[in-house]
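S.K.: Based on what follows, work out the 3D shape:
(one chain, ligands or ions: 2)
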Amino acid sequence: MNPDKDQIRFECTRCGACCREDSLLVTVTGRDISRISLGLNLSASEVIRALNFYLIEGAESPEGLRDIPAINTEKGPAYIALKKLENGDCLFLKDNLCMIHVIRPMVCMSFPFTFLDDGHSKTWGLSAKKVICPGLGCGPHVENTELRDLAIAVLEDLAIYQEFVTEWNKNEKNPTANAILEKILSDSRFTI
Ligand code: SF4
Ligand code: SF4
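M.R.: Residues are numbered from 1 along each chain as shown. Ligands and ions are numbered 1, 2, ... in the order given. As a prediction, this is how the structure comes out:
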């Protein structure tokens, strides 16, 4: 991990701001989808109602989403994320609490940290600033071992999803949203 940033303080204040921030997409991996489907007992055609497919506009991925692969859909490449309400709230936020806390997506578990593996080393960064996340700069220093363990979990989850998306984008001729969900839920790599 990059040692120059090791002295960061963070303690979640449970303010819920990250669950209400319109500009933050709650992207999901195959394991996230599988975990939510299993936890809520939802089939592919049911879990799809909790998701949105955010189509990519232009050739470049938006900043902050470069390590999440875009999956081919019948309308073009898209990021899969949890649905947001019109006011920007996550679908699963109720009375400022996460209704799926124990099965929430990895991006929620690791927020506000992001991780990158460039093949040589693992580095971390922040997906939000203090203006969004008041927990940054508060509480105890985040231990390097804590970040390392989180990095391993996040990057493994991401690598498996990237592998799946690469195969899907190469092979799938009829990439409907429902077909994506069915394929994810039947793929043993995402079995929880
Ligand atoms: S914005 Fe930060 S402090 Fe607030 S709930 Fe999210 S992670 Fe916790
Ligand atoms: S899944 Fe839960 S933790 Fe994640 S954004 Fe939605 S309400 Fe917040």
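
S.K.: Using PDB, write out every CA atom in the helix or strand harbouring Glu46.
M.R.: Using DSSP states H and E, Glu46 sits in helix 44-47. Extracted C-alpha coordinates of helix 44-47, given in PDB (Å, rounded to 0.1, in the frame of the first residue of the first chain):
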ATOM      1  CA  ALA A  44     -33.000 -12.700 -11.900                       C
ATOM      2  CA  SER A  45     -36.200 -11.000 -13.100                       C
ATOM      3  CA  GLU A  46     -36.800  -9.700  -9.500                       C
ATOM      4  CA  VAL A  47     -33.300  -8.500  -8.600                       C
END
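
S.K.: can you tell me the average pLDDT over that helix?
M.R.: Average pLDDT, helix 44-47: 96.

S.K.: For ligand 2, tell me whether that helix is touching it.
M.R.: No - with Cβ under 6 Å from any ligand atom as the criterion, ligand 2 is not reached by helix 44-47; the gap is at least 13.2 Å. For the C-beta atoms, the positions are set from N, CA and C on the backbone; glycine is no exception.

S.K.: list the buried ones in the longest helix anywhere in the chain?
M.R.: If you go by DSSP state H, the chain has its longest helix at helix 144-171. By 16 or more other Cβ atoms under 10 Å, the buried positions in helix 144-171 come out as 147, 150-151, 154-155, 157-158, 160-162, 164-165, 168.

S.K.: circling back: going by neighbour count, list what's buried in the helix holding Glu46.
M.R.: For helix 44-47, a neighbour-count test (16+ other Cβ under 10 Å) marks Ala44, Val47 as buried.

S.K.: counting contacts, what elements does that helix pack onto?
M.R.: If contacts are counted by 3 or more Cβ pairs under 8 Å, 6 or more residues apart in numbering; DSSP states H and E, helix 44-47 sits against helix 30-40, helix 177-185.

S.K.: Could you rerun that using 6 Å?
M.R.: Counting contacts by 3 or more Cβ pairs under 6 Å, 6 or more residues apart in numbering; DSSP states H and E, helix 44-47 is packed against helix 177-185.

S.K.: distance between the helix it packs on and the chain's centre?
M.R.: Distance of helix 177-185 from its chain centroid, counting by Cα atoms, centre = their mean, to the nearest Å, is 17 Å.

S.K.: what's the angle between it and helix 30-40?
M.R.: Relative orientation of helix 177-185 and helix 30-40, computed by axes from the mean of the first three to the mean of the last three Cα atoms, to 10 degrees: 90 degrees.
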